[in-house]
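Engineer: coords please:
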Amino acid sequence: MNQKLIVMNESTHLDSKPSIFFIAVFIALIVGGIIYIAHSLQGAILSSGAPGISNLATFLPYLLLGIALLIALGFEFVNGFHDTANAVATVIYTNSLPPHFAVVWSGFFNFLGVMFSTGTVAFGIISILPVELILQVGSSAGFAMIFALLIAAIIWNLATWWLGLPVSSSHTLIGSIIGVGVANALMHGRDGTSGVDWHQAGKIGESLLLSPIIGFAVAALLFFTIKLLVKNKELFEAPQGKKPPPFWIRCMLVFTCTGVSFAHGSNDGQKGMGLIMLILIGAVPIAYALNHPITSEQTIQYVAFSRSVEQQLIKLTPPDGLAIQNPQTVLVEYVRTHKATPELLPALGLISGSLGKQVESSNNLTQVIGNSVTNLRNEMYLVSETIHLMNEDAEVIQRLNQDEQKTLKDFKKMNDEATKFIPLWVKVAVAIALGLGTMVGWKRIVITVGQKIGKSHLTYAQGSAAELVTMLTIGTADTYGLPVSTTHVLTSAVAGTMAANHSGLQSSTIKRLLMAWVFTLPAAVALSAALYFVFSKLF
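Structural biologist: Have a look, this model is predicted:
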């Protein structure tokens, strides 16, 4: 009876309506965000000299750009209310912050997390995609890829949100990317397993698999340690009614909520950034294929390094004088299959030298025009990915001395600076979408985390231990450029504290969470593969 009364009081507390001020701020942020995005995008396109809208042929790319951007930001919006609800669950259920203030607070620090993110996670996820689709992102197949994987991820996220299941948006997106890769390979008569960079997918899969295990174990250990060392009984008691916790406990819970929100924004926000950059590169390559702010001095250095790489690698041509007809094809096959051939190093040298000549003939990156932009960007991307794989391939890298390896490392960094960048307005757009999503659909997931994982009410110590472990786990993964799930880490951490406290776990909820975790990958793969097949026929 008492347990039912607690749940009824909490549900009533969560059902409180947002104020007029909250709604007004929400609408103002949407309108302001749209105006800022449109202004920034228009300015970049006009300053780059990209063609304006004069007929249907020139209008279509901009139409596709607008639709794709809306879908990409829609994914981040859904990601916001699907994942970030976990960050506010503990402060709401311990009465540390009122529900609507908590979600606004979390949304703000989500925004800051996105703005201070590095972009490493964004391009790490993109590298899972088939290299041939990345190089042809402006084609019909490229747009089909973007639409398929984003819409599949949104559909699954909405379905699991409706059921109140805290499923990982990261997990969903990875499945969608794999589905597109498999479908693309099958449609071109290849084995479906050849359509994905399984090495990169495996690294990301390991981070998604291990992070909830780490969350459970470390949170349980941390809670047990706190219980052993701290003798204040208030910390281990459940909140009574709507009474807030003691001040010091409240500060601790708000701090951990803030940390999780910031870390979530920094890690999860990057997934949308990477996809938006693919959209921009495909739709308006003149404006976004290359990082135009690179200085003339850096351009001179780039040309010098490209010549150095060419000279060092061309001399490694096999003694039989093997002719390389198409060096780009050699690199594409290496990136796709991870199997080195005798032509690999000289082919890399040829393309590196060609890059230097192209950049030198244009004086700097700001003056590369027309189709040359896309071609130059593709070759830079190929060179960077090839060097990245070579560094992990002992058989290849041992053919180079330390000076040659260092030259390649520096050259890769220059190519990354030219191709792997995120404009400020893209960060702002993703930050607004993620932050606003936090303020909308948080209730369903909050109820699951707060009421349905353990058999007893969440205590102050459990909430702070779970949030602290989640914050540190996501922050560490972000440092190494690995995407992790806020949902999986936090729900596992809460379960770990419940187990350590002998509170008991609700088996029905745990089974549903595990089933959702197991089915997310195949469901997202199947959805995105089917959508890619349909869209590739429509475009």
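
Engineer: Secondary structure element holding residue 418?
Structural biologist: For residue 418, the host element (DSSP states H and E) is helix 402-419.

Engineer: Which strands or helices does that helix pack on?
Structural biologist: With contacts taken as 3 or more Cβ pairs under 8 Å, 6 or more residues apart in numbering; DSSP states H and E, helix 402-419 sits against helix 296-314, helix 372-391. Yep, even glycine has a C-beta here, placed from its N, CA and C like the rest.

Engineer: what's in contact with the first one?
Structural biologist: Meaning helix 296-314. Contacting residues not belonging to helix 296-314 are listed as 345-346, 348-350, 352-353, 355-357, 359-360, 363-365, 400, 404, 407-408, 410-411, 414, 417-418 [Cβ atoms under 8 Å, 6 or more residues apart in numbering].

Engineer: Now a PyMOL select for only the buried ones of the residues you listed.
Structural biologist: The following PyMOL line selects those of these that are buried, judged by 16 or more other Cβ atoms under 10 Å:
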select buried, resi 345+346+348+349+350+352+353+355+356+359+360+364+365+400+404+407+408+411+414+417+418
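
Engineer: Spatially central, which residue of this protein would that be?
Structural biologist: For the chain, residue 271 is the residue whose C-alpha lies nearest the centre (Cα atoms, centre = their mean; 2.0 Å).

Engineer: Pretty sure that one sits against residue 123.
Structural biologist: No. Counting by Cβ atoms under 8 Å, residue 271 does not reach residue 123; the two are 10.7 Å apart.

Engineer: can you map out the helices along the stretch 151-300 of the chain?
Structural biologist: Secondary structure of the stretch 151-300 of the chain (DSSP state H, counting those that start in this stretch): helices at 169-187, 198-229, 247-283, 285-288, 296-314.

Engineer: Send me the shortest one as PDB with only the CA atoms.
Structural biologist: This means helix 285-288. C-alpha atoms of helix 285-288 as PDB (Å, rounded to 0.1, in the frame of the first residue of the first chain):
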ATOM      1  CA  PRO A 285      30.700  20.600 -51.400                       C
ATOM      2  CA  ILE A 286      32.100  23.900 -52.500                       C
ATOM      3  CA  ALA A 287      31.200  25.400 -49.100                       C
ATOM      4  CA  TYR A 288      31.900  22.400 -46.800                       C
END
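
Engineer: burial measure for residue 162, as a count.
Structural biologist: Residues lying near residue 162 (other Cβ atoms under 10 Å) number 10.

Engineer: Show the pLDDT at the spatially closest residue to residue 467 that is not a sequence neighbour.
Structural biologist: Excluding its sequence neighbours, the residue lying closest to residue 467 (Cβ to Cβ, 6 or more residues apart in numbering) is residue 256, at 3.3 Å. pLDDT recorded at residue 256 is 86.

Engineer: Okay, residue 286 and residue 62: tell me how far apart.
Structural biologist: Distance of residue 286 to residue 62, given as Cβ to Cβ, to the nearest Å: 13 Å.

Engineer: quick one: which of those two has more around it?
Structural biologist: Just comparing residue 286 and residue 62: by other Cβ under 10 Å the higher neighbour count belongs to residue 286, 20 against 17.

Engineer: roughly how far apart are that one and residue 470?
Structural biologist: 42 Å.

Engineer: my guess is residue 277 contacts residue 422, does it?
Structural biologist: Yes. Counting by Cβ under 8 Å, residue 277 does reach residue 422; the two are 6.3 Å apart.

Engineer: give me every residue that touches the nearest residue to residue 64 once chain neighbours are set aside.
Structural biologist: Distances taken as Cβ to Cβ, 6+ apart place residue 143 nearest to residue 64, at 5.6 Å, with adjacent residues excluded. If you count contacts by Cβ under 8 Å, 6+ apart, residue 143 has them with 64, 68, 282, 535, 539.

Engineer: ditto for residue 416
Structural biologist: Shown in contact with residue 416 (Cβ under 8 Å, 6+ apart): residue 384.

Engineer: Count the residues that sit near residue 394.
Structural biologist: Neighbours of residue 394 under the rule other Cβ under 10 Å: 8.

Engineer: so what are the domain limits for this protein?
Structural biologist: Annotated domains of the chain cover 52-281+441-538, 292-419 [automatic domain parsing].

Engineer: one step back: which of the helices and strands packed on helix 402-419 sits most buried?
Structural biologist: Stretch with highest mean neighbour count among the helices and strands packed on helix 402-419: helix 372-391 (a mean of 22; mean count of other Cβ atoms under 10 Å).

Engineer: what's in contact with that helix?
Structural biologist: Contacting residues not belonging to helix 372-391 are listed as 127, 131, 134-135, 138, 281, 285-286, 289-290, 328, 331-332, 334-335, 338, 340, 344, 348, 351-352, 354-355, 358-359, 362, 368, 396-397, 405, 408-409, 411-412, 415-416, 418-420 [Cβ under 8 Å, 6+ apart].

Engineer: What average pLDDT does it get?
Structural biologist: 87.

Engineer: again with stretch 154-171
Structural biologist: Regarding stretch 154-171, the rounded mean pLDDT is 77.

Engineer: and what of stretch 349-364?
Structural biologist: Stretch 349-364 shows a mean pLDDT of 82.

Engineer: next one: stretch 302-315
Structural biologist: Averaged across stretch 302-315, pLDDT comes to 89.

Engineer: quick one, which of the helices and strands packed on helix 402-419 is nearest to residue 100?
Structural biologist: Closest approach to residue 100 among these is made by helix 372-391 (44.2 Å; Cβ to Cβ).

Engineer: So which bits of whatever helix or strand comes next after the closest one are buried?
Structural biologist: Using DSSP H and E, the next helix or strand after helix 372-391 towards the C-terminus is helix 394-397. For helix 394-397, the neighbour count (16+ other Cβ under 10 Å) marks 396-397 as buried.

Engineer: Show me what helix 394-397 is packed against.
Structural biologist: helix 372-391.

Engineer: chain center to the helix it packs on, what's the gap?
Structural biologist: When distances are taken as Cα atoms, centre = their mean, to the nearest Å, helix 372-391 is centred 21 Å away from the chain's centroid.

Engineer: hang on, the earlier thing: columns distance to residue 115 on top of the helices and strands packed on helix 402-419, output as TSV?
Structural biologist: Shown next, in TSV, are the helices and strands packed on helix 402-419 (distance: least, Cβ to Cβ, whole Å):
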stretch	distance to residue 115
helix 296-314	25
helix 372-391	25
